[in-house]
Each structure stands twice: as structure tokens, then as C-alpha cells.
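**Student:** Build the 3D model from these lines:
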Amino acid sequence: MSFIRNSLISLSVILSFGFSAVDGNAGTADSVRYSVLTPNSTIEAGAARIRVHATSNAVVSLVTDYGNWAKFISRFDKAKVVGRSADTVDVYLQVPILKGAAKIWAVVRFSPPKGVGAEQVIEGHMIKGNVDRLDAKWRVIQVDPQTSELHLEMLIVPKIPVPGSLVTGEVAYAADKAVIDVRAAAEKR
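**Tutor:** Reported below is the predicted structural model:
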């Protein structure tokens, strides 16, 4: 009975947010939402990108300030470092949905930033949570000495079968809010 109730709640959550568009015209006037195919799911990752008037090192510093995400990324209720190894950081993330009636939570293991061509990439993968999968990939590209481009690609796979387009739209909206919030924090510094 609990599984059925939780499945219905999850489905209603996803459907209630399914109105978010995923295309180059969505987002704010200066951010862009898009979707990305991943090898890990038939559901596309929701993504967003934005220009930031700050160096890539300043942006990476904020992206890797996991314990303070809840202070400057408005979609997170909680962001707490719960483990560290020599080169990874485990972060407990909690995001309210349905106006606080339910929460998505996960412990995500983030690898250190790595250079990939002109980009710095920070990747995280869920190690436990109340969804089947949660992956995040932040990409920071130095455009000129004082400007960067910030991308966030997120894949969330719910525990129940739901049309991927509904999930991708909501995740792209969340990615959009996150890159806007990181930009605001970086440009304040």
C-alpha cells in the first residue's frame, strides 16, 4: 500500500511540473535550457547554460562549495557534506517539490574538477536516494579573462515509469534556476 501511495505521489509531482519547456527559448533572457542524451538512461538529462561575468576559477570555486549550496542555490533545502575521501566528496541534497509537500533526496558523490579541453568538469553520481538515478555534470568554460560560461546537466530517473519528457522539462527548469543562482553568487564576489 505504501509503495502505491508513494508511486502516486511521485507521479503527481512529476505531472504537476511537466509544463516546463525544454528548448532554446526557455529560461531567462540570458540563460538557455536544453536537453542532453546520456548513455545512462532513455530519459534525457535536463540542462541549462548561462554566461557569468567571473573567471572560470571563481565559478568552479562556487560549484565545489557543496556545503554552502543551500545558501545560494534556491532550489536546495539542504546541501551537506557527509563524507570525503582523498579525491571525492559525498553530498546529501534535499529538494522540496509540490510546494514542500514532498522531497527528493540523494547522496551524490562528486569527483574533483578535471580539465577536458578548455572546460573544467565536475561530475556527481547518486550513491543512494529516493529516486533510481541522479547524475549531475557542471561544465565551466573560460570565454575571456573575465567571463565564463556555466552549464549544468542533470539526469533524474524516478522510481516509477513516467514519460521522459515530463521529467526532463522539470529537471531543465531546476538546472536553469541553479545556473542563475551560481551566476548571481559569482558576480557578487
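**Student:** Going by C-alpha atoms from here, please, whenever you check contacts or count neighbours.
**Tutor:** OK.
**Student:** what helix or strand does V59 sit in?
**Tutor:** helix 56-63 (DSSP states H and E).
**Student:** Now do whatever helix or strand comes next after that helix, average pLDDT.
**Tutor:** Next helix or strand after helix 56-63 toward the C-terminus (DSSP H and E): helix 69-72. The average pLDDT for helix 69-72 rounds to 91.
**Student:** in helix 69-72, what's buried?
**Tutor:** For helix 69-72, burial by neighbour count (16 or more other Cα atoms under 10 Å) applies to 69-70, 72.
**Student:** got it, and stretch 79-90?
**Tutor:** In stretch 79-90, the ones that count as buried by 16+ other Cα under 10 Å are 79-81, 89-90.
**Student:** okay, among those residues, which ones form the most distant pair?
**Tutor:** A79 and V89 (12.0 Å; Cα to Cα).
**Student:** and whichever strand or helix holds A185, how far from the chain's centre?
**Tutor:** Taking DSSP H and E as the definition, A185 sits inside helix 164-188. Distance of helix 164-188 from the chain centroid (Cα atoms, centre = their mean, to the nearest Å) equals 7 Å.
**Student:** what angle do it and helix 56-63 make?
**Tutor:** 120 degrees (axes from the mean of the first three to the mean of the last three Cα atoms, to 10 degrees).
**Student:** What is helix 164-188 packed up against?
**Tutor:** Here helix 164-188 touches helix 2-16, strand 31-36, strand 45-52, helix 56-63, helix 69-72, strand 147-157, going by 3 or more Cα pairs under 8 Å, 6 or more residues apart in numbering; DSSP states H and E.
**Student:** Which strands border the third one, and is each parallel or antiparallel?
**Tutor:** Strand 45-52 pairs in its sheet with strand 31-36 (antiparallel), strand 147-157 (antiparallel), by DSSP bridges.
**Student:** Redo those as JSON lines? Include mean neighbour count, distance to K114 and mean pLDDT.
**Tutor:** Shown next, in JSON lines, are the strands paired with strand 45-52 (neighbours: other Cα atoms under 10 Å; distance: least, Cα to Cα, whole Å; pLDDT from 0 to 100):
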{"stretch": "strand 31-36", "mean neighbour count": "22", "distance to K114": "20", "mean pLDDT": "95"}
{"stretch": "strand 147-157", "mean neighbour count": "24", "distance to K114": "15", "mean pLDDT": "94"}
